[in-house]
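Chemist: the amino acid sequence is not available; the structure is as follows:
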Ligand code: PRX
């Protein structure tokens, strides 16, 4: 991992730190004895957190661990939707607002817990009428509208695992996920509003369903009211849901009943269906949401800007906050529509107190200028969070000063689709924070930084981030691919979960995340594998071979740079036109988020004598660095040629 050693050594010597204010500390949900309490008896600690949920039947045993297979709260029975909704209504909190929904065009909806429960019950009844039973998989492909959360909760209510596919993914990407999970139903909408216009979603579903699948019905929300093609398979959401009974008695499911599948990129072209179960997942998302965000459900207005298409939207928009009875903001659109102050305007409008977002958006705000946040009253904010990628100290400080008015603690939360819930983060009333560090594992979690032999490194050193104890919200597997589960996560260090991230411990033992050490890129907080983009490029008729790297990008964290060898003997477009064609082709195969920032046509790629592409060298080129040690290359001159080609391409820009 020479590349990573380099970045370890380059890590900024950051010595600023911020203690929680005495006022914040005094009122915080997590008090200083929280860590010691968890350390005393980890399993008893998690049992205590599980007890905060409503169980129809209590578990018989807390954990069964046969690495790499965990079962938590064995024998317990509960219903996710009852925990998120029914119990609030039953305990007199039905009139509390669950969501302040803000559509991009400015339409709004205020949805109380009682209303949300009614909608979820009616939707659950609609799913039953359609023929969905416990265990059936349902694909959800929707914009960020209340029906997305309602659909997820309705599936959970009847025990049908949902597989949410981000609305920005293409028809091809949707089809492969429908096939892999063997979904029986797709829930979608005609479209949504983004960047000032209505975009369409239903045509992508129609296109996807031209392939092989076992989808019987498509349930369609009318969000934009645009014209849509219609088949016998399609059902309007408003028609079927409206006629349902508002009564639905939820059945409880086993703690280990699958709650959802969520696809994420790995190091191969095929995304992995990460699957999560019910009891442990809900326990950890609820606990972390309470202590990391310090939620006071009676007074806070919480806003997590993530889309439900990602794990953050699952854990910290739908399940965690609703279980805790939070009042949330949900926003459909983009941060710059109709103006660059939109997010701040919404914070001021609803008096948002807790804001959870991604470093890429924070850096974008910095670029746009301080005048946008400063034009709005952000004094309601009392806590800020970040997630998805390492946050650079400058962005962290800007977030603290300009958005947080120097008074809000910042929680930099490290976790993954696989971990299901936050694993490493400051606790805002206890932990001193350092700009750019996620600090330490939360109570009840064991994370370490180790060397190649799985030996923990000393303070001041770097290595690989591992999780050496099972945790309640951990993934239970890769859907239908058990070998891949074992191979990907548990084989690098035998029986220990390897997260795929490099990390460093500073001299005080605080954890600094350094990004992925595998072939996974992180673009604006979204995971995309180099191989996935390579195979999309190679599926274009003009491309013979492709190598893709994630290059440092000031705005998006990493940007996708592709090196492409063209096929000879076939007529293809050239120059800009080819470039556009290839970028669009990747968007068609995967989605617009995977479009390369730059495509370089080269004659050869740097390979070792055994034929392995040396991405490290391509990254040097893409990041404008002196090319590192190239002595293992079959042809050492290649890098010079590629670098020269890049220089010419830049001169032409
Ligand atoms: O590399 C880490 C980075 O995002 C990866 C997980 O991506 P995903 O499963 O899409 O989940 C993102 C939202 C939880 C991790 O392996 N990552 C996530 N949070 C942080 C981070 N890197 C540094 N700091 C973080 N706070």
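Modeler: Right, received. Where do you want to start? From a predicted model like this one, the values you see are computed outputs, not experimental measurements.
Chemist: number of nearby residues for the closest residue in space to residue 257 that isn't next to it in sequence?
Modeler: In space, and not counting its chain neighbours, residue 257 is closest to residue 278: 5.1 Å by Cβ to Cβ, 6 or more residues apart in numbering. In this view, the C-beta of every residue, glycine as well, is placed from N, C-alpha and C. Residue 278 has 29 neighbours, counted by other Cβ atoms under 10 Å.
Chemist: residues in contact with residue 278?
Modeler: Taking Cβ atoms under 8 Å, 6 or more residues apart in numbering as the contact definition, residue 278 lies against 78, 80, 156, 253, 254, 255, 256, 257, 258, 259.
Chemist: again, but for residue 310
Modeler: Contact analysis of residue 310 by Cβ under 8 Å, 6+ apart lists 166, 262, 417, 526.
Chemist: closest to the ligand among those residues?
Modeler: Closest to the ligand out of these is residue 417 (3.4 Å), distances taken as Cβ to the nearest ligand atom.
Chemist: the closest one: helix or strand, and which one exactly?
Modeler: Under the criterion DSSP states H and E, no helix or strand holds residue 417.
Chemist: nearest spatial neighbour of residue 592, chain-adjacent residues omitted?
Modeler: Sequence neighbours aside, residue 168 is the residue nearest to residue 592 in space, at 5.9 Å (criterion: Cβ to Cβ, 6+ apart).
Chemist: list the contacts for that neighbour?
Modeler: 309, 591, 592, 593.
Chemist: and if you look at residue 456?
Modeler: Counted by Cβ under 8 Å, 6+ apart, residue 456 has contacts 448, 449, 450.
Chemist: for the ligand, state which of the residues you listed is nearest.
Modeler: Proximity of the contacts of residue 456 to the ligand (Cβ to the nearest ligand atom) peaks at residue 449, which lies at 13.3 Å.
Chemist: part of a strand, is the closest one?
Modeler: Yes. Assessed by DSSP: H, G, I helix; E, B strand; the rest coil, residue 449 belongs to a strand.
Chemist: tell me the pLDDT at it?
Modeler: Residue 449 carries a pLDDT value of 96.
Chemist: wait, it touches residue 464, no?
Modeler: Yes. In this structure, residue 449 is within contact of residue 464 by Cβ atoms under 8 Å, at 6.9 Å.
Chemist: okay, and the common contacts of these two?
Modeler: Contact criterion Cβ under 8 Å, 6+ apart; residues shared by residue 449 and residue 464: residue 503.
Chemist: can you name the residues of the stretch 301-450 of the chain sitting close to the ligand?
Modeler: Within reach of the ligand by Cβ under 6 Å from any ligand atom, the stretch 301-450 of the chain has these residues: 311-312, 387-390, 412-417, 438.
Chemist: of the residues you listed, which is the most crowded?
Modeler: Ranked by the number of neighbours (other Cβ under 10 Å), those place residue 438 first, at 28 neighbours.
Chemist: pick out the most distant pair among the contacts of residue 168.
Modeler: Farthest-apart pair in the contacts of residue 168 is 309 and 592; separation 13.0 Å (Cβ to Cβ).
Chemist: so for these two, which residue has more residues nearby?
Modeler: Under the criterion of other Cβ under 10 Å, the comparison of residue 309 against residue 592 puts residue 309 first, with 23 against 13.
Chemist: do me a favour and get the end-to-end distance for stretch 268-285?
Modeler: One end of stretch 268-285 to the other measures 29 Å (Cα to Cα, to the nearest Å).
Chemist: what pLDDT, on average, does it get?
Modeler: The average pLDDT within stretch 268-285 is 94.
Chemist: what comes up buried for it?
Modeler: For stretch 268-285, burial by neighbour count (16 or more other Cβ atoms under 10 Å) applies to 269-285.
Chemist: give me the neighbour count for the spatially closest residue to residue 334 that is not a sequence neighbour.
Modeler: Nearest non-adjacent residue to residue 334, counting by Cβ to Cβ, 6+ apart: residue 195, 5.3 Å away. Residue 195 sits with 11 neighbouring residues when counted by other Cβ under 10 Å.
Chemist: so how far is residue 185 from residue 195?
Modeler: Separation of residue 195 from residue 185 (Cβ to Cβ, to the nearest Å): 29 Å.
Chemist: kindly report the same for residue 606.
Modeler: As for residue 606, its distance to residue 185 is 47 Å (criterion: Cβ to Cβ).
Chemist: what's the answer for residue 176, then?
Modeler: Distance of residue 176 to residue 185, given as Cβ to Cβ: 17 Å.
Chemist: could you do residue 108 as well?
Modeler: 29 Å.
Chemist: neighbour count: those two, which is higher?
Modeler: It is residue 185, of residue 108 and residue 185, that has more neighbours when counted by other Cβ under 10 Å, with 25 against 10.
Chemist: up against the ligand, what does the stretch 151-300 of the chain have?
Modeler: So the stretch 151-300 of the chain meets the ligand at residue 264 (Cβ under 6 Å from any ligand atom).
Chemist: burial check on the nearest residue to residue 196 once chain neighbours are set aside, number of neighbours?
Modeler: Excluding its sequence neighbours, the residue lying closest to residue 196 (Cβ to Cβ, 6+ apart) is residue 337, at 5.2 Å. By the criterion of other Cβ under 10 Å, residue 337 has 16 neighbours.
Chemist: averaged pLDDT, stretch 58-66. What do you get?
Modeler: Mean predicted confidence for stretch 58-66 is 98.
Chemist: off-centre distance for it?
Modeler: Its chain's C-alpha centre and that of stretch 58-66 lie 28 Å apart, by Cα atoms, centre = their mean, to the nearest Å.
Chemist: buried residues in that stretch, which are they?
Modeler: 59, 62, 63.
Chemist: ok, stretch 363-380 next?
Modeler: Per 16+ other Cβ under 10 Å, stretch 363-380 contains these buried residues: 363, 364, 365, 366, 372, 373, 376, 378.
Chemist: what is the end-to-end distance of that stretch?
Modeler: Terminal residues of stretch 363-380 are spaced 22 Å apart (Cα to Cα).
Chemist: so what touches that stretch?
Modeler: 301, 335-336, 339-341, 343-345, 347-348, 351-353, 392, 394-395, 398, 402-405, 554-555.
Chemist: let's see that with 6 Å instead.
Modeler: Here stretch 363-380 makes contact (Cβ atoms under 6 Å, 6 or more residues apart in numbering) with 340-341, 344-345, 347-348, 351-353, 395, 398, 402-403, 555.
Chemist: contacts only, for residue 540.
Modeler: Going by Cβ under 6 Å, 6+ apart, residue 540 touches 582, 585.
Chemist: recalculate using a threshold of 8 Å.
Modeler: Residue 540 sits next to 581, 582, 585 when contact means Cβ under 8 Å, 6+ apart.
Chemist: and residue 429, which of the three is it?
Modeler: State at residue 429, reduced to three classes by three-state DSSP: coil.
Chemist: let me see the contact set for it.
Modeler: 20, 24, 25, 26, 27, 28, 29, 30, 31, 294, 409.
Chemist: check residue 117 too.
Modeler: Neighbouring residues of residue 117 by Cβ under 8 Å, 6+ apart: 85, 86, 88, 89, 94.
Chemist: helices - which of those residues land there?
Modeler: Taking DSSP state H, the ones among the contacts of residue 117 that sit in helices are 88, 89.
Chemist: could I get the contacts of residue 117 as a markdown table with distance to residue 220, neighbour count and pLDDT?
Modeler: A markdown table is the format used below for these (distance: Cβ to Cβ, whole Å; neighbours: other Cβ atoms under 10 Å; pLDDT from 0 to 100):
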| residue | distance to residue 220 | neighbour count | pLDDT |
| --- | --- | --- | --- |
| 85 | 24 | 28 | 98 |
| 86 | 27 | 21 | 98 |
| 88 | 29 | 25 | 98 |
| 89 | 28 | 18 | 98 |
| 94 | 29 | 18 | 98 |
